[in-house]
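Undergrad: here you go, sequence then predicted model.
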Amino acid sequence: MTPMSDTVESPSLPTVPARELRAAMGRFATGVTVVTSIDEAGAPVGTTANSVTSVSLDPPLVLVCFARDSLTLAAVRAHDAFAVNVLAEHHGHLSAAFARRGTSDAWDGIFHVAGPTASPRLEEALACIDCSVERLLPAGDHVIVLGRVLDVHVSEHGRGPLVFYRGAYASLHAG
């Protein structure tokens, strides 16, 4: 049995071009979220993310991947907390608004309330998951944020999720 290691170095392996990896991963349908926090001035920040997953139920952990230069990542680091807002099928406009880096109008007309970590919870999200930062892990051009789940809110409005597949939004109708 081979012991597990934190890092694997294999300089002799071929490198896959980014466009090929993007095309392959585009065939993997994902849910769409907006990850929110507050900056050092207490203003809400957020970014669209589909690199989100449950890691553990005991203890309750989730992970989110952020680009190293993400403004939301900077806020998450400073605030030490964040919320994952799972978007519903009619939230394509929210995903698009929070995908644009640094736009000051991203929060215009967006109803939100502060969750237990003070991170914004978006109105009508299918679920909101409030987390404290457990660990930050460098990962290439991204940073993996492991979050300890402190609170969850699940909506009962019965809408399907917003899904991203091959570069476009799709939906799954709740059944």
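TA: Yes, it's here. Quick caveat, the model's predicted, so the values are computed rather than measured.

Undergrad: what's near enough to touch residue 126?
TA: 86-88, 154-155, 159, 161 (CB atoms under 8 Å, 6 or more residues apart in numbering). Glycine gets a C-beta too; all of them are placed from N, C-alpha and C.

Undergrad: grab the nearest non-local neighbour of it.
TA: Ranked by CB to CB, 6 or more residues apart in numbering and with sequence neighbours excluded, the top spatial neighbour of residue 126 is residue 86, at 4.3 Å.

Undergrad: just the ones of the contacts of residue 126 in strands?
TA: Residues of the contacts of residue 126 located in strands (DSSP state E): 86, 154.

Undergrad: quick one: the strands in the chain, in order.
TA: Chain-ordered strands for the chain, with DSSP E as the definition, fall at 30-31, 33-38, 44-49, 52-57, 60-67, 81-86, 112-114, 120-122, 127-139, 142-154, 162-165, 168-171.

Undergrad: so residue 46 touches residue 72, yeah?
TA: Yes - contact status for residue 46 versus residue 72: in contact at 6.0 Å, counting by CB atoms under 8 Å.

Undergrad: what sits in contact with each of the two?
TA: With CB under 8 Å, 6+ apart as the test, residue 46 and residue 72 both reach 35-37.

Undergrad: closest to the centroid, which residue in the chain?
TA: Centroid-nearest residue in the chain, with CA atoms, centre = their mean: residue 49, separated by 3.7 Å.

Undergrad: just checking, which helix or strand of this structure averages the lowest pLDDT?
TA: strand 168-171 (a mean of 76; mean pLDDT, DSSP states H and E).

Undergrad: for that strand, name the packing helices and strands.
TA: In terms of contacts (3 or more CB pairs under 8 Å, 6 or more residues apart in numbering; DSSP states H and E), strand 168-171 is packed against strand 162-165.

Undergrad: now the strand it packs on: mean pLDDT?
TA: Confidence over strand 162-165 (mean pLDDT, whole number) is 84.

Undergrad: how about it: buried residues?
TA: For strand 162-165, the neighbour count (16 or more other CB atoms under 10 Å) marks 162-164 as buried.

Undergrad: list the helices and strands it packs on?
TA: strand 30-31, helix 92-99, strand 168-171.

Undergrad: as a markdown table, the ones you listed with distance to residue 82 and mean neighbour count would be great.
TA: Shown next, in a markdown table, are the helices and strands packed on strand 162-165 (distance: least, CB to CB, whole Å; neighbours: other CB atoms under 10 Å):
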| stretch | distance to residue 82 | mean neighbour count |
| --- | --- | --- |
| strand 30-31 | 17 | 18 |
| helix 92-99 | 13 | 18 |
| strand 168-171 | 23 | 14 |
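
Undergrad: sweet, I'm off.
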